[in-house]
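J.: Fold the following.
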Amino acid sequence: MQAPSIGGVQVPRGDGSTVVRLARGSSLTDFADKIEANPASLVTVLFHLGEMATATQSLDEDTFALLGAELGYQVQIVSPEDEDRELLESFDIDFMGDDWDDEDLVARPPVVTVMGHVDHGKTRLLDAIRKTDVQSGEAGGITQTIGAYQVHTKHEGVERAITFIDTPGHEAFTAMRARGAKVTDIAVLVVAADDGVMPQTIEALNHAQAADVPIVVAVNKIDVDGANPAKVRQQLTENNLVAEEYGGETIFVDVSARQSLNIDQLLESILLTADAALDLRAVEDAPARGVAIEAHLDRGRGPVATVLVQRGTLAVGDSIVAGDAYGRVRAMLDEHGDNLDVALPSRPVQVLGFTSVPNAGDKFLVADEDRIARQIAEKRQAMERNATLAKSRKRVSLEDWLQTSKVDTLNLILKGEGSGSVEALEDALLKIDVGEEVTLRIIDRGVGAITENNVNLAVASEAIIIGFNVRPEGKARELAEREGVDVRYYSVIYQAIEEVEAALKGMLKPEYEEVQLGTAEVREVFRSSKFGNIAGCLVRSGEIRRNSKARLVRDGTVVADNLTVESLRRFKDDATEVREGFECGIGLGSFNDIKTDDVIETFELREKVRA
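T.: Sure, this is the predicted structure:
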């Protein structure tokens, strides 16, 4: 069935219920293949709908929805998860299939995420558990990246392992904290006994409840003045988290991370919760599957990824692919830096051997051979590149071509020491909103030192480079100075967010407000052949300044606006200003329609400070 001629072209038309599935970042050529149309025809149709695009350009979901509605098709953009599943199925890989017999499954340790408000002692609590000092190495004492650790404890006479994931506490790291909740079995909510429930406590609680995981509450800092554990229990009861002693199901443990009080009791409560509420089993004898918790570029060892094995066994020599990064496992290290040959389910390990740095949160899998791992990674790279192009494409309508005003854009390049930090920083920056006049665009992001390629891209796109706990390598600094590229360095995320927000506000066109300076009443009009009409006035309020803006008001109505006090005199002397209660002569330039009893108002425009 043919569509009515649109701009002189014929296009196959759907019946309004025909569904067309497209991958993210598809082009008009991809759409044309699905409906057996000529791509050039779709370019013409789109042009007549007020959008301009080439046949091979990656387009966003809104553009396809507009085109589909015109042609009678329901366009569905495949989700990244479905996209990835279809890709893996093309390689005969079932990513996280759970179709295993009971005899194939073995018990695995619980994976625990530590959450809570900033400064409530999450990292210090992990220090007490691991008997190590991680916090002293953090900038500002605030966790900037995700770490994963496994500890061992005796429970009912049996040695048991527990895997801990430490998520950052600042609300700007919401994306990282949410990802931590998705890979976890149990959430430990840390609340300071002296502070009580805070906004980020509620935020962390919401993430844990959204992930549908059991929650154990660690009431920390019970040793400090003003500690009130009972108040914490009451506050959390108001948020549907009821303690066992109040008749609920949530275990509350009062601890002191500083003095290592009741740490064993907390570990026991975690294991009791795991045994009572969860069936923690996974297959061991299978290719490994899991998730990348964190990744960074090490100068000596190359890309290093911290991965959590969720199923199967990861071994040295395996061909591995995580997101669009692939490689062969050259070595595996535990949290103490010791070499491991294999990693079983729920085991976090550092993996060396990737050819590039995977993103935090990427799922990883073991492929049969290096060739398959590389092909999966390359196809993922292509899909992600197309999706990014579609997302960053500025939709240009015919009306836009006719408008002379343009939106200012602040281009940023992000580099950080870990992919989790880069992702969290990107997420926080993209949430900055200062109105429609200015937009923020992140044109590139990556892990590792700032390179000459980054600087060259910044030159080409007039971008600012933000380095988060990284510095330039080689001649990159010298190149940046020579080309005048602005490179900013940060070690705490708050500063980066504040300065970028200030920069965006600085790009806004200034807003002005009118401030009245003074008013003068016209008592007499003097006519001069040389200067025109001169108003003899008495200053009623404020002051009259020479060269200030003015308007003339007669009987309460503005007679003339946009005037200027071009001459101002006191008797025969020129004056720069005349104050309230004094007489003066005012000349309004070529404007001569001045009458007795008129009022001259003077004002100036002052730039408003944006909130």
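
J.: If you rank every helix and strand of this protein by mean pLDDT, what lands last?
T.: Within the chain, no helix or strand scores below helix 398-402, which has a mean of 42 by mean pLDDT, DSSP states H and E.

J.: Can you list the residue ranges for strands in the stretch 401-550 of the chain?
T.: 408-416, 438-447, 463-468, 487-490, 512-528, 532-545, 549-554 (DSSP state E, counting those that start in this stretch).

J.: With respect to T576, which of those strands lies nearest?
T.: Among those, the nearest to T576 by CB to CB is strand 532-545 (6.7 Å). C-beta: built from backbone N, CA, C; applies to glycine.

J.: What strands line up against the closest one, and which way round?
T.: Strand 532-545 pairs in its sheet with strand 512-528 (antiparallel), strand 577-579 (antiparallel), strand 583-587 (antiparallel), by DSSP bridges.

J.: Pick the most deeply packed of those.
T.: Most buried of the strands paired with strand 532-545, by mean neighbour count (mean count of other CB atoms under 10 Å): strand 583-587, with a mean of 20.

J.: got the angle for the next helix or strand after that strand vs strand 549-554?
T.: With elements assigned by DSSP states H and E, the helix or strand that comes after strand 583-587 is strand 599-607. Strand 599-607 runs at 150 degrees relative to strand 549-554, counting by axes from the mean of the first three to the mean of the last three CA atoms, to 10 degrees.

J.: in strand 599-607, what's buried?
T.: Residues 599-603 are the ones in strand 599-607 that count as buried (16 or more other CB atoms under 10 Å).

J.: so can I have CSV of those residues showing pLDDT and distance to A148?
T.: Formatted as CSV, the buried residues of strand 599-607 follow (pLDDT from 0 to 100; distance: CB to CB, whole Å):
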residue, pLDDT, distance to A148
V599, 95, 75
I600, 95, 74
E601, 94, 69
T602, 94, 68
F603, 92, 63
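
J.: how about TSV for these, with distance to H336 added?
T.: Formatted as TSV, these follow (distance: CB to CB, whole Å):
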residue	distance to H336
V599	83
I600	82
E601	77
T602	76
F603	72
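
J.: what's the closest of those residues to R347?
T.: For the buried residues of strand 599-607, the closest approach to R347 (CB to CB) belongs to F603, at 72.2 Å.

J.: Got the confidence number for Y246?
T.: Looking at Y246, its pLDDT stands at 87.

J.: Test my guess that L87 contacts A377.
T.: No. Contact criterion CB atoms under 8 Å: L87 and A377 do not qualify, at 10.5 Å.

J.: the more surrounded of the two?
T.: A377 (23 against 17; other CB atoms under 10 Å).

J.: which non-adjacent residue is nearest that one?
T.: Y326 (3.9 Å; CB to CB, 6 or more residues apart in numbering).

J.: Please apply the same query to I129.
T.: Leaving aside its sequence neighbours, I129 sits nearest to V151 (CB to CB, 6+ apart; 5.6 Å).

J.: and that neighbour, that one's in a strand?
T.: Yes. Counting by DSSP: H, G, I helix; E, B strand; the rest coil, one finds V151 located in a strand.
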